[in-house]
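In: Quick one, structure for this:
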Amino acid sequence: MVKDDKKDLLLSLIVITKNNDKDLDKCLSSVTGLVDEIVVVDTGSTDKTKEIADKYTYKVFDYKWNDNFSEAKNYALKWAAGKWVINLDADESLSKSDHKIILDMINNASLDIGGFSLIQRNYTNDIGKFGLVSTKDDSYSESSVASGFVPRRIVRIFRNEEKIFFEGTVHDSVEKSILRSRIVEETSIPIHHYGPLTRNNDERTRMYVDMERNNLRAKDFFQRYQIASQLHSLGKSDEALDWLDQCLVMNKNFLLAWLEKGTIFLEKENFDEAKKCLLEASSLGQHEMVYGHLGIVYARMGDYDAAIDYLRKAIRINPKNADFCFNLGLALNSSNRKAEAGLAFKRAVDLNPEYGKRVKFE
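Out: Reported below is the predicted structural model:
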């Protein structure tokens, strides 16, 4: 199929759906007034998803799912007529307050910019999540649904050109294709992602692992890291370690793999191995979770001065992480620095009231 000939369209939205009738209206209404057209590709809904899509666009297409996210999104791209494309999942939205910023951004983009990365906010009410940021005093009303979010930088706005397309069976992205000839510019614009609050994440993760294994690419260290991190989230730590070792054979300087490995050993209470892996990660760059986990490791090994030092380093990078503040309080308390511990605990509770159930103030 060929695209429409309307070359005067500025911005197209593409969305891949399947049984998203509880989320899709929020997603599509959030871009009303921003995009010139909406392209919805449905992969087999049996609920009212397509009825909802019909309220916003005539471009609703059926697509036979083949366990490949990139191929489904590239099919959607064939129908997009805008000069620029924004890709959202059905359980995501944009804030109306960012519409003008986005339009100004793409209207004034220099020719060397092929796309823009945004911050995906994965909302959660859990504590102890990797890289968690508190929503307390957040300027976006969308964040009121949860006590925190885990941020992830992701390319979601890009030029509509044949040489820019999605790659990757599961963790699809246009970033690689952009970087072959242009650059990606970073922005602070958030994508509000509500899915983690309601969906069955284990079932989804198992599906992703199977898809990655069935499409394993030779010498792709990042794919092996992704498989490992997903297996880790399912509680399959030993299997995850095997995939991390494969990853590190291919790229021994990959910080995230050392961090993941150190985290697993920390959970296993193998503090010597955890310390070794996390120190290796810290030698490769500054990372809040590396410092935070090293703080926990040193505390569990009885070296409270080192623990306090690393936890404060983590807090300097991410001052809105309640977990870091709570663990700092524990380390200070164990070091008999009660007043400082009390301040750290109060900050943790202030950022996430759930910690009030774990702390008793005198």
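In: Now tell me which helix or strand of the protein has the poorest mean pLDDT.
Out: When each helix and strand of the chain is scored by mean pLDDT, DSSP states H and E, helix 201-214 comes last, with a mean of 79.
In: can you give me how far the next helix or strand after it is from the chain middle?
Out: Counting by DSSP states H and E, the next helix or strand C-terminal to helix 201-214 is helix 221-233. Distance of helix 221-233 from its chain centroid, counting by Cα atoms, centre = their mean, to the nearest Å, is 14 Å.
In: what does helix 221-233 contact?
Out: 170-171, 201-202, 205, 208-209, 212-213, 216-217, 237, 239-244, 246-248, 250-251, 254, 256-257, 260, 263-264 (Cβ atoms under 8 Å, 6 or more residues apart in numbering). Yep, even glycine has a C-beta here, placed from its N, CA and C like the rest.
In: Alpha carbons of the least confident helix or strand of the chain, in CSV - could you do that?
Out: Only the C-alpha atoms of helix 201-214 are listed here, as CSV (Å, rounded to 0.1, in the frame of the first residue of the first chain):
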residue,chain,number,x,y,z
ASN,A,201,3.7,-7.9,33.7
ASP,A,202,4.9,-11.5,34.3
GLU,A,203,2.8,-12.9,31.5
ARG,A,204,3.9,-10.1,29.2
THR,A,205,7.6,-10.6,30.1
ARG,A,206,7.4,-14.3,29.5
MET,A,207,6.1,-13.6,26.0
TYR,A,208,8.9,-11.2,25.3
VAL,A,209,11.6,-13.7,26.5
ASP,A,210,10.2,-16.3,24.1
MET,A,211,10.1,-13.9,21.2
GLU,A,212,13.7,-12.8,21.8
ARG,A,213,14.9,-16.4,22.1
ASN,A,214,13.1,-17.3,18.8
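In: name the helices or strands packed onto it?
Out: helix 221-233 (3 or more Cβ pairs under 8 Å, 6 or more residues apart in numbering; DSSP states H and E).
In: Pull the contacting residues for the spatially most central residue of the chain.
Out: The residue lying closest to the centre of the chain (Cα atoms, centre = their mean) is residue 152, at 3.4 Å. Applying Cβ under 8 Å, 6+ apart, one finds that residue 152 lies in contact with 119, 120, 122.
In: Paired strands for the helix or strand hosting the last one, with orientation please.
Out: Here residue 122, judged by DSSP H and E, is contained in strand 113-124. The strands beside strand 113-124 in its sheet (DSSP bridges) come out as strand 148-159 (antiparallel), strand 183-193 (parallel).
In: Show me the one of these that comes nearest residue 324.
Out: strand 148-159 (12.3 Å; Cβ to Cβ).
In: Dump the strands paired with strand 113-124 to TSV, plus distance to residue 62.
Out: Listed next are the strands paired with strand 113-124 as TSV, based on distance: least, Cβ to Cβ, whole Å:
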stretch	distance to residue 62
strand 148-159	24
strand 183-193	25
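In: Tell me which of these is the most buried.
Out: Among the strands paired with strand 113-124, strand 148-159 has the highest mean neighbour count (mean count of other Cβ atoms under 10 Å), at a mean of 20.
In: what's the average pLDDT for it?
Out: Regarding strand 148-159, the rounded mean pLDDT is 92.
In: Pull out the buried residues from whatever helix or strand residue 99 lives in.
Out: Counting by DSSP H and E, the element that carries residue 99 is helix 99-107. Burial within helix 99-107, assessed by neighbour count using 16 or more other Cβ atoms under 10 Å, is assigned to 99, 102, 103, 105, 106.
In: how close does the closest residue to residue 14 other than its chain neighbours get to residue 31?
Out: Leaving aside its sequence neighbours, residue 14 sits nearest to residue 76 (Cβ to Cβ, 6 or more residues apart in numbering; 4.1 Å). Using Cβ to Cβ, to the nearest Å, residue 76 is found at 15 Å from residue 31.
In: Tell me where the protein has helices.
Out: Listed in chain order, the helices of the chain (DSSP state H) span 24-29, 49-54, 69-79, 99-107, 175-179, 201-214, 221-233, 237-250, 255-267, 271-282, 288-300, 304-317, 322-334, 338-351.
In: which outside residues touch the shortest one?
Out: Counting by Cβ under 8 Å, 6+ apart, the neighbours of helix 175-179 from elsewhere in the structure are 114, 115, 117, 155, 158, 163, 164, 165, 166, 167, 184.
In: got the residues you listed as TSV, with distance to residue 279 columns?
Out: Shown next, in TSV, are those (distance: Cβ to Cβ, whole Å):
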residue	distance to residue 279
114	37
115	36
117	30
155	32
158	38
163	42
164	39
165	40
166	37
167	34
184	31
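In: just the angle between the helix holding residue 99 and strand 148-159, please?
Out: Helix 99-107 runs at 40 degrees relative to strand 148-159, counting by axes from the mean of the first three to the mean of the last three Cα atoms, to 10 degrees.
In: now helix 99-107: mean pLDDT?
Out: For helix 99-107, the per-residue pLDDT averages 98.
In: Would you mind listing the outside residues contacting that helix?
Out: When contacts are defined by Cβ under 8 Å, 6+ apart, helix 99-107 is touched by residues 10, 11, 33, 34, 83, 84, 86, 94, 116, 157, 187, 189.
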